[in-house]
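A.B. asks: Kindly generate the corresponding structure for this input.
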Amino acid sequence: MFESLGSTPGRHEVMPQRLVVSNLSHLSRAESGEAESREANPDDVENRRDSAHSFPMKVELLAETDIGQVRRINEDSYRLIPAQQVAIVCDGMGGHAAGEVASRCAVETVEAYLTRDASMPVVAQPDWDEPQLAHEARELVWAIRLANRRVFLAAQSQQQMAGMGTTLVALRVASGTVTVCHVGDSRAYRWHAGELEPVTVDHSLVAELVARNEITAEQAESFADRNIITRALGTRPAVAVDVNVIPAKTGDWYLLCSDGLSGVLTDGDIADTIRRNSNDPAQVIRELIERANDRGGPDNITAAIAVVRDADHPQSLQSESGTVPESPAEIGDKEDAYLDMMFGSGDADSIDLTEERTDRIPLNLSRQQRPPE
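C.D. replies: Coordinates of the predicted model:
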C-alpha cells in the first residue's frame with residue numbers, strides 16, 4: 001500500500017530538446033505519431049479512460065545531457081514522452097559501460113510501458129494495486145517497478161553487467177497534478193512564486209545522516225561518502241518508490257537532474273540561474289550545464305525542465321507524498337511475464353552492452369548535432 005508521509009500545503013552552446021505539449025490534440029505527427037493515432041481512434045479504451053479524468057493543461061518539456069569534463073562515457077540517460085507529458089532522468093552506475101546500459105534500459109522500459117499499445121493490459125494486479133494514487137500516478141509507479149525488474153534481470157544474466165543499477169527521477173503531468181517519482185539521488189525541484197523548493201529527498205547515506213541530525217547540512221557538502229546511495233533501480237528484485245503528487249499551477253517549473261548537476265551546484269546557484277532567466281527555460285538548462293562544467297564537471301550532467309504553461313484543476317486538490325513499498329516477491333513472476341510480452345522472451349540476455357551513445361562526444365555538440373548512433 002501507499003505509505004503516506006503526510007500532506008504539504010559560456011563554455012559550449014547546448015541546445016536542449018524542447019517539446020510543447022497541450023493534450024494529445026496539439027501534438028504534431030513529428031512530435032508523437034502515436035498520440036495522433038490514439039486521438040483518431042474512437043475505440044481506444046485507454047485514451048477515453050485518460051481523457052475522462054484529465055484537465056486541460058499545456059506543458060513545455062526540455063532536456064539535455066552533457067558528458068562533463070572527466071568521464072569517458074555518459075552514463076546518464078533522459079527521455080521526454082510528450083504524449084504522456086512525462087520527463088525522466090536516470091544516472092547509471094556500474095563497471096565498464098554497465099551504468100550507461102542500466103540508465104538506458106530504465107528510460108526505455110518506462111517509455112515502453114507508458115506508450116504501450118492500447119490492447120496490452122496494465123501490469124498491476126488487484127493484490128498490489130495502489131488505490132490511493134490516481135491512475136496516471138499508479139501507471140508511472142508500475143512502469144518504474146518494471147524498469148527495476150528489467151535492469152535487475154539483465155544484471156543477473158550477463159557477467160559484464162553484474163552490480164549495475166541506476167537512479168531515476170520521473171515526472172508526469174496529468175489530471176490537474178504533477179506526479180514526481182524517484183529512486184536514488186537524482187533530484188526534482190519546483191520553482192514556484194520565485195522560490196526554489198526541493199521536491200525529492202535523496203536516498204543516500206549523507207541524506208540519512210542529516211535526517212538523523214548526525215551531521216549538519218553544511219557538513220554534508222564535504223562529507224567523504226556523500227556519493228553512497230541507499231536505494232537504486234536494478235540492485236534488488238523489487239524496489240520502493242517515493243511519490244510526490246502536487247497540484248499543477250500555471251507558471252510552475254519542475255527541474256529534474258542527475259547529481260552531476262545537484263552535486264556541484266548549490267540550491268542557491270540553481271535558483272539564481274532560474275531567476276535570471278525566468279522567461280527562458282532553454283537558457284536555464286544551458287547555463288546550469290555550463291556552470292557545472294565551469295566547476296570541473298566531475299560527473300555526467302543531465303537536466304530536464306517541465307514548465308506548466310496552462311493548468312486548470314479543482315481547488316480541492318492537495319499535495320501528498322509517501323512511499324510505495326517493494327512489491328511482494330510473488331509479483332516478480334508476473335512482472336517477468338509482462339516484460340516477456342513487451343520485449344520478447346530472453347530479453348535480459350540480449351540487452352546490448354556495447355552501445356555507448358555519448359562516448360568521447362565533443363562537448364560543443366548538442367544532442368541534435370551528434371553523429372548518428
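
A.B. asks: Show me where the stretch 201-350 of the chain dips below the pLDDT cut-off.
C.D. replies: Filtered on pLDDT under 70, the stretch 201-350 of the chain yields the residue ranges 312-316, 349-350.

A.B. asks: and with 90 instead?
C.D. replies: 204-228, 310-320, 327-334, 337, 344-350 (pLDDT under 90).

A.B. asks: Please, where are all the strands along the stretch 1-150 of the chain?
C.D. replies: 3-7, 17-22, 57-66, 76-81, 86-93 (DSSP state E, counting those that start in this stretch).

A.B. asks: Any idea how far the longest one is from the middle of the chain?
C.D. replies: With C-alpha atoms, centre = their mean, to the nearest Å as the basis, the distance from the averaged C-alpha position of strand 57-66 to the chain average is 12 Å.

A.B. asks: about what we covered before: now the weakest link among the strands of the stretch 1-150 of the chain, please, by mean pLDDT.
C.D. replies: Looking at the strands of the stretch 1-150 of the chain, the lowest mean pLDDT belongs to strand 3-7 (a mean of 45).

A.B. asks: Which residues are in contact with residue 70?
C.D. replies: Taking C-beta atoms under 8 Å, 6 or more residues apart in numbering as the criterion, residue 70 is in contact with 296, 297, 298, 299. In this view, the C-beta of every residue, glycine as well, is placed from N, C-alpha and C.

A.B. asks: Any chance of JSON lines for those residues, columns distance to residue 327?
C.D. replies: Below are the contacts of residue 70 laid out as JSON lines (distance: C-beta to C-beta, whole Å):
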{"residue": "296", "distance to residue 327": "40"}
{"residue": "297", "distance to residue 327": "38"}
{"residue": "298", "distance to residue 327": "35"}
{"residue": "299", "distance to residue 327": "31"}
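
A.B. asks: which phi and psi does the residue lying closest to residue 211 once chain neighbours are set aside have?
C.D. replies: Leaving aside its chain neighbours, residue 211 sits nearest to residue 201 (7.7 Å; criterion: C-beta to C-beta, 6 or more residues apart in numbering). In terms of degrees, to the nearest 10, the main-chain angles of residue 201 are phi -120, psi 130.

A.B. asks: what about residue 201, neighbour count?
C.D. replies: By other C-beta atoms under 10 Å, the residues close to residue 201 number 17.

A.B. asks: wait, isn't it in contact with residue 207?
C.D. replies: Yes: contact between residue 201 and residue 207 holds when scored by C-beta atoms under 8 Å: they sit 6.0 Å apart.

A.B. asks: where do the helices sit along the stretch 151-300 of the chain?
C.D. replies: Ranges of helices in the stretch 151-300 of the chain, per DSSP state H, counting those that start in this stretch, are 205-211, 217-220, 259-262, 267-276, 281-294.

A.B. asks: Packed most tightly, which of those helices would that be?
C.D. replies: Per-stretch averages of neighbours, counted by mean count of other C-beta atoms under 10 Å, single out helix 259-262 among the helices of the stretch 151-300 of the chain, with a mean of 26.

A.B. asks: chain center to that one: distance?
C.D. replies: Centroid separation between helix 259-262 and its chain, computed with C-alpha atoms, centre = their mean, is 14 Å.

A.B. asks: Give the other helices and strands that that helix contacts.
C.D. replies: helix 281-294, strand 301-311 (3 or more C-beta pairs under 8 Å, 6 or more residues apart in numbering; DSSP states H and E).

A.B. asks: Mind doing that once more with 10 Å?
C.D. replies: With contacts taken as 3 or more C-beta pairs under 10 Å, 6 or more residues apart in numbering; DSSP states H and E, helix 259-262 sits against strand 57-66, strand 76-81, strand 86-93, strand 187-192, helix 267-276, helix 281-294, strand 301-311.

A.B. asks: and the fifth one, C-alpha only, in PDB?
C.D. replies: Translated: helix 267-276. What follows is helix 267-276, C-alpha atoms only, in PDB (Å, rounded to 0.1, in the frame of the first residue of the first chain):
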ATOM      1  CA  ASP A 267      20.400  25.100  -4.500                       C
ATOM      2  CA  GLY A 268      21.200  28.900  -4.400                       C
ATOM      3  CA  ASP A 269      23.100  28.500  -7.700                       C
ATOM      4  CA  ILE A 270      20.200  26.800  -9.300                       C
ATOM      5  CA  ALA A 271      17.700  29.400  -8.000                       C
ATOM      6  CA  ASP A 272      19.900  32.300  -9.200                       C
ATOM      7  CA  THR A 273      20.100  30.800 -12.700                       C
ATOM      8  CA  ILE A 274      16.400  30.300 -12.900                       C
ATOM      9  CA  ARG A 275      15.600  33.800 -11.500                       C
ATOM     10  CA  ARG A 276      17.900  35.500 -14.100                       C
END
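
A.B. asks: hang on, the earlier thing: so can I have JSON lines of the helices of the stretch 151-300 of the chain showing distance to residue 318?
C.D. replies: Below are the helices of the stretch 151-300 of the chain laid out as JSON lines (distance: least, C-beta to C-beta, whole Å):
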{"stretch": "helix 205-211", "distance to residue 318": "24"}
{"stretch": "helix 217-220", "distance to residue 318": "28"}
{"stretch": "helix 259-262", "distance to residue 318": "27"}
{"stretch": "helix 267-276", "distance to residue 318": "25"}
{"stretch": "helix 281-294", "distance to residue 318": "27"}
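
A.B. asks: closest one to residue 237 among those helices?
C.D. replies: Residue 237 lies closest to helix 205-211 among the helices of the stretch 151-300 of the chain, at 22.3 Å (C-beta to C-beta).

A.B. asks: Nothing else from me, thank you.
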